[in-house]
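Asks: Pasting the sequence and the predicted model now:
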Amino acid sequence: MKSEHRENKAFVIYTEGQSSTQRYEARAVIDASGTWGYSNPLYASGIWTNEEQSLNENIYYGIPNIHGKDKERYRSKSIAVVGGGHSALNTLLDLAQLKETDQELSIVWIMRKNRVEDAYGGEANDQLEARGELGSRIHQLVNSGKIQVITPFRIQKLSRSGGQIMISGENNEGSKDIQGIDEIIVNTGSRPDFSFLRELRLSIDQGTESIETLAPLIDPNIHSCGTVRPHGERELRHTEKDFYIVGMKSYGRAPTFLMATGYEQVRSVVAYLVGDYEAALKVELDLPETGVCSIANTPIVNAGEKSEESCSTDGCHPSTVSTTPKSTCCS
């Protein structure tokens, strides 16, 4: 809690080994630990419950190794995949490949999206070819009937039923139960782990759990992957001097992160730490559009209208207002 001369003190990092704790000092710290491994729960409310945790032997969070060590776990089972982003698409593709040699395996895809088409993204029009191909392949599998889609559906309860799992929730028509599920794979996004940073003074936005200054630039209610403007060291600062969170963790819960953004963040931060302030300020980023996004009713301005200023806490940067509706979420 001490504040006097705090900015001149070294950081102390503790690492736990098998038999001892090691202590290291550092002038600066860059946390690039990401969010993978800290999944959101599958309930629509985002709350962890005892009933979900009591079924953990039949729930996998993330993308399982379906063609490796987890293959037998899913063989000939009825599997529910929960989520509408790229992790879910990859999981579904792996399961569909397993189903080619295992006709007893069944796949149920549960999402909160209004339409399954919203999960396909830009497909052939996606500026990232591999990302577009994911949506196209899933589109074909759904059309062929190999994947059963239930959307929109908001999960509210899990329970055991005859040795299997019953998923209860609501769709647009009211309450609904999905019965006969053996395994659930949860791809509902992830969130940052701040537990080991509790002694530091962080600047975190409560809504997105991202860096506070970065939050209005990446808020998925406003921005998609391609509408996040360039940002670097200046936007990544915390109250704690020379401490930075970069990469996916800097975005908190926002699903709009692309790796190209993280590379530019790291370049800018390192340039600042070695004293190249000009390079730190010069951030250039050209992000591809048309991912797995939804369209919001954002104002449209007339072509040729002058640009607005988007301001951060220590300076403003010009950003041209789009002449077309912007996507608001990219998973």
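Replies: Perfect, thanks for sending it.

Asks: pLDDT at the closest residue to residue 214 other than its chain neighbours, what is it?
Replies: Closest residue in space to residue 214, ignoring its immediate chain neighbours: residue 235 at 5.2 Å, by Cβ to Cβ, 6 or more residues apart in numbering. Yep, even glycine has a C-beta here, placed from its N, CA and C like the rest. The predicted local confidence for residue 235 comes out at a pLDDT of 93.

Asks: repeat for residue 136
Replies: pLDDT recorded at residue 136 is 82.

Asks: show me the contacts for the residue nearest to residue 187 when sequence neighbours are not counted.
Replies: The spatially closest residue to residue 187, leaving aside those adjacent along the chain, is residue 83, at 3.3 Å (Cβ to Cβ, 6+ apart). Shown in contact with residue 83 (Cβ atoms under 8 Å, 6 or more residues apart in numbering): 111, 186, 187, 188, 189, 331.

Asks: Including neighbour count, pLDDT and distance to residue 49, could those go into JSON lines?
Replies: As requested, these are arranged in JSON lines below (neighbours: other Cβ atoms under 10 Å; pLDDT from 0 to 100; distance: Cβ to Cβ, whole Å):
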{"residue": "111", "neighbour count": "23", "pLDDT": "91", "distance to residue 49": "20"}
{"residue": "186", "neighbour count": "23", "pLDDT": "95", "distance to residue 49": "13"}
{"residue": "187", "neighbour count": "26", "pLDDT": "93", "distance to residue 49": "19"}
{"residue": "188", "neighbour count": "23", "pLDDT": "91", "distance to residue 49": "14"}
{"residue": "189", "neighbour count": "19", "pLDDT": "88", "distance to residue 49": "17"}
{"residue": "331", "neighbour count": "25", "pLDDT": "38", "distance to residue 49": "24"}
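
Asks: Select from the residues you listed every entry located in strands.
Replies: Among the contacts of residue 83, the ones falling in strands (DSSP state E) are residue 186.

Asks: Make sure residue 187 is actually in contact with residue 94.
Replies: No: using Cβ atoms under 8 Å as the test, residue 187 is too far from residue 94 to be in contact (11.5 Å).

Asks: Quick check: neighbours shared by these two?
Replies: Common contacts of residue 187 and residue 94, defined by Cβ under 8 Å, 6+ apart, comprise residue 63.

Asks: now the contacts of residue 83 as JSON lines including distance to residue 158?
Replies: Conversion of the contacts of residue 83 to JSON lines gives the following (distance: Cβ to Cβ, whole Å):
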{"residue": "111", "distance to residue 158": "17"}
{"residue": "186", "distance to residue 158": "11"}
{"residue": "187", "distance to residue 158": "16"}
{"residue": "188", "distance to residue 158": "14"}
{"residue": "189", "distance to residue 158": "18"}
{"residue": "331", "distance to residue 158": "23"}
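
Asks: Next, give me the two most distant ones among the contacts of residue 83.
Replies: Between all members of these, the longest pairwise span (Cβ to Cβ) is found for 186 and 331 and amounts to 13.8 Å.

Asks: ok, back up a step: from residue 280, how far off is the residue nearest to residue 214?
Replies: Distance, residue 235 to residue 280, using Cβ to Cβ, to the nearest Å: 11 Å.

Asks: more crowded one of these two?
Replies: Neighbours of residue 235 and residue 280, each counted by other Cβ atoms under 10 Å, are more numerous for residue 235; the result is 24 against 19.

Asks: Buried residues in stretch 162-170, which are they?
Replies: For stretch 162-170, the neighbour count (16 or more other Cβ atoms under 10 Å) marks 165, 167, 169 as buried.

Asks: Give me the contact list for the helix or strand encompassing the first one.
Replies: Assignment of secondary structure by DSSP states H and E places residue 165 within strand 164-171. For strand 164-171, the external contacting residues (Cβ under 8 Å, 6+ apart) are 44, 55, 58, 78, 80, 110, 150, 152-160, 175-182, 184.

Asks: Now the residue nearest to residue 214: phi and psi?
Replies: With angles defined as degrees, to the nearest 10, residue 235 sits at phi -80, psi -10.

Asks: for residue 281, same thing?
Replies: With angles defined as degrees, to the nearest 10, residue 281 sits at phi -80, psi -30.

Asks: can you count the residues close to it?
Replies: Burial measure for residue 281: 14 neighbouring residues, criterion other Cβ under 10 Å.
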